[in-house]
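J.: Return a 3D structure for these sequence lines:
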Amino acid sequence: MSGTIFCLLNAFIIGVFHFGVLYWFGIPLILLTVGAVLLILSKVQVKAKALVGLLTLALIPLTFAGSIYLSSAKPETFLTPNNYKGQIVVFYDEQCGSEEVDENGRRVYVIGTDGILITKVNKNSGYLNRNFFYVKENGERTAIPAFQRQNFETEKKEWNLYNQPISVESFARDTVGAFWGYGTETYALSRNSFSYYIWSYNDLVRDPKVRGVEITEFSKKARQRLKSCRDMGSQ
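T.: This is a model prediction of the structure:
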């Protein structure tokens with residue numbers, strides 16, 4: 001009985017938390033192994049052992065898929081002015097902001113020419129599904145990649161693991177895409193915000209001082225936009 005409990009309980013935990021179990025020093029994996037050993041050594045009939053084994057194997061992918069589905073955020077699309085390069089930021093939960101825009105079940109964020117969007121909608125949480133586009137004045141959209149790594153060679157090696165809008169053969173150091181905005185100054189303005197950098201890998205390795213000045217200037221501009229929005233909303 002203890003082997004059955006260990007197997008099924010830890011299979012469920014592994015399925016729900018998947019790679020997160022590694023942060024628990026792999027204890028659920030160890031306990032699952034212990035459960036399997038106890039089950040094998042038990043006096044339970046072979047058919048019952050096989051049934052528990054099959055249930056254990058099935059439980060992991062089933063709970064994994066269920067946890068992904070239940071914790072997935074609403075898909076999002078970022079529309080950025082054509083040829084824009086620099087930081088973009090979305091400020092959420094602002095009563096003075098724009099209304100939600102929905103397009104085929106996806107949230108649409110129309111980024112201003114200054115790289116800033118202030119919206120009333122709440123900040124998305126959960127597993128993210130985001131895509132990015134440049135938008136011309138006539139409305140024509142051009143998909144741009146969402147980069148996953150800070151290193152060009154690593155990004156290229158893992159390119160086909162993600163649903164990128166261009167082929168790996170077209171990917172180069174001057175390819176423009178969206179980098180996750182780690183540690184941006186705009187986060188200090190509102191924790192209900194999210195930032196990206198629309199850059200190429202060539203832009204990423206520029207002089208850190210130059211990039212630092214650009215980021216600071218953008219933060220000042222975003223602070224003023226946010227303040228003006230809130231002031232108007234309070235009137």
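
J.: dump the residue contacts of the closest residue to Gln150 other than its chain neighbours.
T.: With Cβ to Cβ, 6 or more residues apart in numbering as the criterion, Gln150 has its nearest non-adjacent residue at 7.0 Å, and that residue is Leu204. C-beta: built from backbone N, CA, C; applies to glycine. By Cβ atoms under 8 Å, 6 or more residues apart in numbering, the contact set of Leu204 is Gln150, Phe179, Tyr197.

J.: Also Phe91?
T.: Gly97, Ile116, Leu117, Ile118, Thr119, Thr186, Leu189, Ser190, Asn192, Ser193, Ala222, Leu226.

J.: Burial check on the last one, number of neighbours?
T.: Taking other Cβ atoms under 10 Å as the criterion, the count of residues near Leu226 is 21.

J.: and if you look at the first one?
T.: Gly97: 19 surrounding residues under other Cβ under 10 Å.

J.: one step back: dump the contacts of Phe91 into TSV; add distance to Lys209 and secondary structure as well.
T.: Converted to TSV, the contacts of Phe91 look like this (distance: Cβ to Cβ, whole Å; DSSP: H, G, I helix; E, B strand; the rest coil):
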residue	distance to Lys209	secondary structure
Gly97	33	coil
Ile116	24	strand
Leu117	28	strand
Ile118	29	strand
Thr119	32	strand
Thr186	19	helix
Leu189	22	helix
Ser190	26	coil
Asn192	30	coil
Ser193	25	strand
Ala222	20	helix
Leu226	26	helix
